[in-house]
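1. Give the three-dimensional model of this entry:
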Amino acid sequence: AEFNIQADPEAAKIVFDHGDRFPIVLVPLEVTHRVIATPEIIEQVRNQRPCEFSNLLVDWLLFFASSYKNVFGFHSGPPLHDPCAVAFVMTASSQWTESSLFECERLRVDVECASPLSRGQTVVDVFKSTGRKANCHVCRNIKVDEFWKIMLQAIGLAANASPLNSYNVVCFCLFFDPLRGSFLPQ
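-> As a prediction, this is how the structure comes out:
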């Protein structure tokens with residue numbers, strides 16, 4: 001089960017049960033587990049802008065790489081869950097129903113709250129066999145190479161602005177242009 005849903009399945013069930021009132025998007029583990037911070041990606045993070053900020057990110061990625069290897073058997077690196085959800089928001093249409101980075105499908109999603117064995121699991125009616133009305137836009141795939149292009153660009157911009165690198169802090173806003181697939185300083 002996804003951690004946030006497992007932590008409070010009753011709250012998640014309330015949200016999903018109201019999917020006919022506002023758009024809900026789910027970026028499930030089946031998708032986020034395709035976005036792996038491989039050793040090659042970690043080296044790109046380390047080398048694109050060598051600085052304290054990049055070093056900190058690499059340390060975090062290596063910490064999670066160790067945890068994911070030892071606990072979950074991910075040997076090629078850790079997956080990036082929250083950055084995938086943020087990437088959807090950055091690349092989503094104004095109706096929140098599609099993204100240039102993700103393939104989505106409107107499906108029925110329910111949250112298991114009763115079973116001690118599967119409490120907190122999301123149950124997605126992939127085959128539309130229940131006859132229940134779809135309530136969620138479920139991401140089914142991600143363009144991994146495009147994700148990393150956006151992520152590495154964002155990391156480079158954040159590294160340039162990070163106060164970790166010096167005592168001179170430069171603040172500026174960034175605007176992500178999904179049509180160009182890049183950030184624009186404002």
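2. which residues sit in contact with E98?
-> A92, C104, H137 (C-beta atoms under 8 Å, 6 or more residues apart in numbering). Yep, even glycine has a C-beta here, placed from its N, CA and C like the rest.
3. correction: V35
-> P79, L80, P83, C84, I142, V144, F147, W148.
4. What's the local residue count around the second one?
-> Counted with other C-beta atoms under 10 Å, the neighbours of L80 add up to 22.
5. pLDDT score assigned to the closest residue to S100 other than its chain neighbours?
-> Closest residue to S100 apart from its sequence neighbours, by C-beta to C-beta, 6 or more residues apart in numbering: T91 at 4.8 Å. We have a pLDDT of 92 for T91.
6. what do you get for K69?
-> 94.
7. Report the secondary structure state of it.
-> Using DSSP: H, G, I helix; E, B strand; the rest coil, the structure places K69 in helix.
8. Leaving out sequence neighbours, find the closest residue to it.
-> H75 is the one closest to K69 (C-beta to C-beta, 6+ apart), at 5.8 Å.
9. how about the one you found, phi and psi?
-> With angles defined as degrees, to the nearest 10, H75 sits at phi -90, psi -20.
10. ok, now which ones touch the residue nearest to the spatial centre of the chain?
-> Central residue of the chain (C-alpha atoms, centre = their mean): C84, 1.8 Å from the mean position. Each residue near C84 by C-beta under 8 Å, 6+ apart is listed here: V27, V31, T32, V35, C139, I142, F147.
11. so it is in which element?
-> According to DSSP states H and E, C84 maps onto helix 82-91.
12. count of residues packed around the residue nearest to S100?
-> T91 has 20 neighbours, counted by other C-beta under 10 Å.
13. lowest-confidence helix or strand of the protein?
-> strand 174-177 (a mean of 57; mean pLDDT, DSSP states H and E).
14. low pLDDT regions in the chain?
-> 1, 167-186 (pLDDT under 70).
15. Which single helix of the protein contains the most residues?
-> Taking DSSP state H as the criterion, the chain has its longest helix at helix 144-161.
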